[in-house]
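Participant: give me a model of this one.
(3 chains)
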Amino acid sequence: MEPPLRLIAGNPLDQLARTLEALLVVASAPLPVEELAAAADDDPARVEAALGLVAERYREGRSGVVLEHVAGGWAFRASREAAVACARLFERPAQRNLSPAAMETLAIVAYLGPCSRPDIARIRGVAADSAVAGLVERGLIAEAGRDDAAGAIRYRTTPLFERVFGLESLSQLPRLDDLGTDAEEIRGRLDAVAEKRTA
Amino acid sequence: MEPPLRLIAGNPLDQLARTLEALLVVASAPLPVEELAAAADDDPARVEAALGLVAERYREGRSGVVLEHVAGGWAFRASREAAVACARLFERPAQRNLSPAAMETLAIVAYLGPCSRPDIARIRGVAADSAVAGLVERGLIAEAGRDDAAGAIRYRTTPLFERVFGLESLSQLPRLDDLGTDAEEIRGRLDAVAEKRTA
Amino acid sequence: MIVRELDLDLDAFEGPFDLLLTLVLKDELDLRELDVAGIVLAFLERLAEREELDLEACGEFLVLIAALLELKARGLFPDEAAELADLEPEAAAEELARRLAEYRRMKDAAAWLRERLASEGDRFFRLGPAPLAAKVETPLAPQDPEQLARVIRLLAVEPPQVSLEHMALRFPPVLQFLERFRAVLRRRSRFDFDGEVGRLPRIEQAVAFLALLELRRSGEIRIDQAAPFAPIRVARAREENSNRDERTVAWNLRSA
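Facilitator: Now for the predicted structure:
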């Protein structure tokens, strides 16, 4: 362990920092700053400053409990160095055996959500019913109402998805434009094939 | 905050103490020493000693996270000085709303009268097991005998449901004359659409 | 190499290709759940293990997989098949390229997620309430009953019209063609495949072709074709074989 953080006794933020620690250890989901401020009955700007103290105390290498900003809020988790010990004790049903079909379905819902099973089947070329059911059961996606026109149930990713994948929000996903090949390039290849055939 | 605990860097128990912190922060129930030792892959006596370090670091007045020894083993809890803040945290989400799946399930049971899970799943086109379980837990629907044919448990709405929706009785539900004049007719209509949807 | 004995290990199906075809034809396996690319890969792998190119196997495979693909495409996109067909070739190519690009991007997004999960998988956190936290009940806010009516009305929304073309996909069981061809061969010793089924919809022709392969496999018939695209001539095999093999075929179909 590194030498512990020296907090000046009587630092006016100390008590707020301890309150935040308490809130974070009982919370069952990441807490946004506004929610922490409301519970601590304090100013959001002061809460942000106190979170800095807490983050310094609970960081990888210094502590087995680590503060992280994830899924739109702040949460405690286990340090990475303790992952093997944690794995011996706890199962992680959310991420067990995610098949390629499930991963593709998850990607489609994350990028295009809310979207329905027919939408997903359209892109994947394979019906997605069982993949969708599996992801719902794992809590990675959830129903988000029905499509007004066709009446199909639509799905979106859950905060658990962001937490499992370590994302602060969906905006942290890489931009679609930066992924894969664009339509122009594929079009070029199709044309090349067609020319060969007619030649 | 009191001056932080001075752990001698390189204390052989430090790493074990950090592992224990990690295990305790992800546990959802108190952990007995044997379980901690098995997960940390270490000796129970050493685990006891390391727990002493952890208890010293996480104690009332020093930290908002407090290590507590209860009947079932060891667990983290919030410090007493943060009790008011924690109470505010848990009181706040009073405006909880129903998920789309729960609302749909509830509407089906309210309009069609006693329905079994298979009935609901057929009409929705997707399983409703967790929605049904959630509504039962919230007391909005309750068991109402068994299906004549298949013997499946049927559910009906409760007086709490009527209170939450501000209804004196089910006859006050908004009319759905465009779909049918009684429960049987509406059920027939929904069944027909559901069949088309799966075709 | 016998195409129909090709061993498959797919998400939706595990077993020989033959059984898969039978299940599809008997409507016991949803074609929409089937990864056709997986079948192609399995075939190519098997092909690569051999030194020589087995032309007969390739031909048979192409016919079968094309039939499967067409069935599946129509099942998945009942409306769009017609939509694409209505487009000018130029616009159709553009649309196809757009869809392929979208598909590729999603494949890459899935790969990114997989890597992310691998690198973030050592972050453990608690799911659900803390061990010693007071159990809290979050009371429901007062609700508007109109929501219930709205939800039921959405459930009564008619799904998009399924094109009639889709109805034509209710394709006949392969057994029907087995019997039809046997009946023809009882009257005549040979017949022309196109002459017999040429006027049927393409889907039924595909099923008829499967029946033809089945009959040849069991030794009931001989098939001749002078050149590619030339008429397929079907002839009775020797009598003594047919009785025994008829039983085998019936058994195969029933047991599948």
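Participant: and for C:Leu62, the neighbour number?
Facilitator: Number of residues near C:Leu62 (other C-beta atoms under 10 Å in any protein chain shown) recorded here: 12. C-betas here are computed from N, CA, C, even on glycine.
Participant: cool, C:Ala101 as well?
Facilitator: C:Ala101 sits with 18 neighbouring residues when counted by other C-beta under 10 Å.
Participant: domains for chain A, by residue range?
Facilitator: A:14-88, A:94-194 (automatic domain parsing).
Participant: go through those and pick out the most buried.
Facilitator: Stretch with highest mean neighbour count among those: domain A:14-88 (a mean of 20; mean count of other C-beta atoms under 10 Å in any protein chain shown).
Participant: could you give the mean pLDDT of it?
Facilitator: When pLDDT is averaged over domain A:14-88, the result is 95.
Participant: tell me where the chain has strands.
Facilitator: You didn't pick a chain, so chain A it is. A:65-70, A:73-78, A:115-116, A:141-146, A:153-157 (DSSP state E).
Participant: right idea, wrong chain: chain C
Facilitator: Under DSSP E, chain C gives strands at C:7-9, C:14-16, C:190-192, C:221-225, C:232-236.
Participant: Throw the strands of chain A into CSV and include distance to chain B, thanks.
Facilitator: Output for the strands of chain A, formatted as CSV (distance: least, C-beta to the nearest C-beta, whole Å):
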stretch, distance to chain B
strand A:65-70, 5
strand A:73-78, 4
strand A:115-116, 11
strand A:141-146, 4
strand A:153-157, 6
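Participant: among those, which is nearest C:Arg236?
Facilitator: strand A:115-116 (52.8 Å; C-beta to C-beta).
Participant: what's that closest one in contact with?
Facilitator: A:108-109, A:147, A:150, A:152-155 (C-beta atoms under 8 Å, 6 or more residues apart in numbering or on different chains).
Participant: go with 6 Å
Facilitator: Residues outside strand A:115-116 that contact it (C-beta atoms under 6 Å, 6 or more residues apart in numbering or on different chains): A:147, A:152, A:154.
Participant: okay, who's weakest in those residues by pLDDT?
Facilitator: A:Asp147 (86).
Participant: contact partners for the most centrally placed residue in chain A?
Facilitator: By C-alpha atoms, centre = their mean, the mean C-alpha position of chain A lies nearest to A:Glu162, the distance being 1.0 Å. For A:Glu162, the contact set (C-beta under 6 Å, 6+ apart) comprises A:Ala71.
Participant: quick one: it from A:Ile120, how far?
Facilitator: Using C-beta to C-beta, to the nearest Å, A:Glu162 is found at 20 Å from A:Ile120.
Participant: which ones are touching C:Trp112?
Facilitator: Shown in contact with C:Trp112 (C-beta under 6 Å, 6+ apart): A:Pro174.
Participant: can you give me the pLDDT of it?
Facilitator: 92.
Participant: ok, C:Glu88 next?
Facilitator: At C:Glu88, pLDDT is 66.
Participant: same check, this time on the one 3 residues further on
Facilitator: On the pLDDT scale, C:Ala91 is placed at 71.
Participant: sorry, back to before: any chance of the strands of chain A in CSV, plus distance to B:Ile141?
Facilitator: Formatted as CSV, the strands of chain A follow (distance: least, C-beta to C-beta, whole Å):
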stretch, distance to B:Ile141
strand A:65-70, 35
strand A:73-78, 32
strand A:115-116, 26
strand A:141-146, 18
strand A:153-157, 20
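Participant: nearest to C:Arg186, of the contacts of strand A:115-116?
Facilitator: For the contacts of strand A:115-116, the nearest to C:Arg186 is A:Ala152 (50.7 Å; C-beta to C-beta).
Participant: spatially nearest residue to that closest one (excluding sequence neighbours)?
Facilitator: A:Ser116 (3.7 Å; C-beta to C-beta, 6 or more residues apart in numbering or on different chains).
Participant: what's opposite the one you found in the beta bridge?
Facilitator: Applying DSSP bridges to A:Ser116 gives these bridge partners: A:Arg154.
Participant: also A:Val65?
Facilitator: With DSSP bridges as the rule, A:Val65 is bridged to A:Ala78.
Participant: verify the stated contact: it with B:Val25.
Facilitator: Yes: A:Val65 sits in contact with B:Val25 when judged by C-beta atoms under 6 Å, with a separation of 4.6 Å.
Participant: check the contact lists of those two and give me the overlap.
Facilitator: Contacts common to A:Val65 and B:Val25, judged by C-beta under 6 Å, 6+ apart, are A:Phe76.
Participant: quick check: the closest residue in space to C:Ala133 that isn't next to it in sequence vs B:Arg18, distance?
Facilitator: Closest residue to C:Ala133 apart from its sequence neighbours, by C-beta to C-beta, 6+ apart: A:Val26 at 4.5 Å. As judged by C-beta to C-beta, A:Val26 and B:Arg18 stand 21 Å apart.
Participant: and C:Phe125, by the same measure?
Facilitator: 16 Å.
Participant: could you do C:Ala66 as well?
Facilitator: 61 Å.
Participant: and A:Gln172, by the same measure?
Facilitator: Counting by C-beta to C-beta, the gap from A:Gln172 to B:Arg18 is 28 Å.
Participant: what of A:Asp129?
Facilitator: In terms of C-beta to C-beta, A:Asp129 sits 44 Å off from B:Arg18.
Participant: got it, and A:Ser116?
Facilitator: Relative to B:Arg18, and taking C-beta to C-beta, A:Ser116 is found at 46 Å.
Participant: what is the burial count for the residue lying closest to C:Arg190 once chain neighbours are set aside?
Facilitator: Take C:Arg190 and drop its neighbours on the chain: the residue closest to it by C-beta to C-beta, 6+ apart is C:Ala235, 4.0 Å away. A count of neighbours around C:Ala235, defined by other C-beta under 10 Å, yields 13.
Participant: partner residues bridging C:Ala235?
Facilitator: With DSSP bridges as the rule, C:Ala235 is bridged to C:Arg190, C:Arg222.
Participant: what's near enough to touch the residue nearest to A:Ala87 when sequence neighbours are not counted?
Facilitator: Spatial nearest neighbour of A:Ala87, excluding adjacent residues (C-beta to C-beta, 6+ apart): C:Phe124 at 7.5 Å. By C-beta under 6 Å, 6+ apart, C:Phe124 lies in contact with A:78, A:86, B:26.
Participant: could I get the pLDDT score of C:Phe124?
Facilitator: Value for C:Phe124, per-residue pLDDT: 94.
Participant: got the residues of chain C near chain B?
Facilitator: C:124-126, C:128, C:131-132, C:136, C:138-141, C:143, C:145-146, C:148-149, C:151-152, C:155-156, C:159 (C-beta under 6 Å from any C-beta of the partner chain).
Participant: skipping its backbone neighbours, what lies nearest the residue in the stretch 151-256 of chain C that chain A sits nearest to in space?
Facilitator: Scanning the stretch 151-256 of chain C for the residue nearest chain A gives C:Val157, at 3.6 Å (criterion: C-beta to the nearest C-beta). Setting aside the residues directly before and after it, C:Val157 is nearest to A:Gly151 in space (C-beta to C-beta, 6+ apart), at 3.6 Å.
Participant: please report how far that neighbour lies from C:Pro145.
Facilitator: Taken as C-beta to C-beta, the span from A:Gly151 to C:Pro145 is 21 Å.
Participant: chain A contacts on chain C?
Facilitator: Close to chain A, as judged by C-beta under 6 Å from any C-beta, chain C has residues C:11, C:32-33, C:35, C:93, C:97-98, C:100-106, C:108-110, C:112-114, C:116, C:120, C:122-125, C:128-130, C:133, C:154, C:157, C:159-160.
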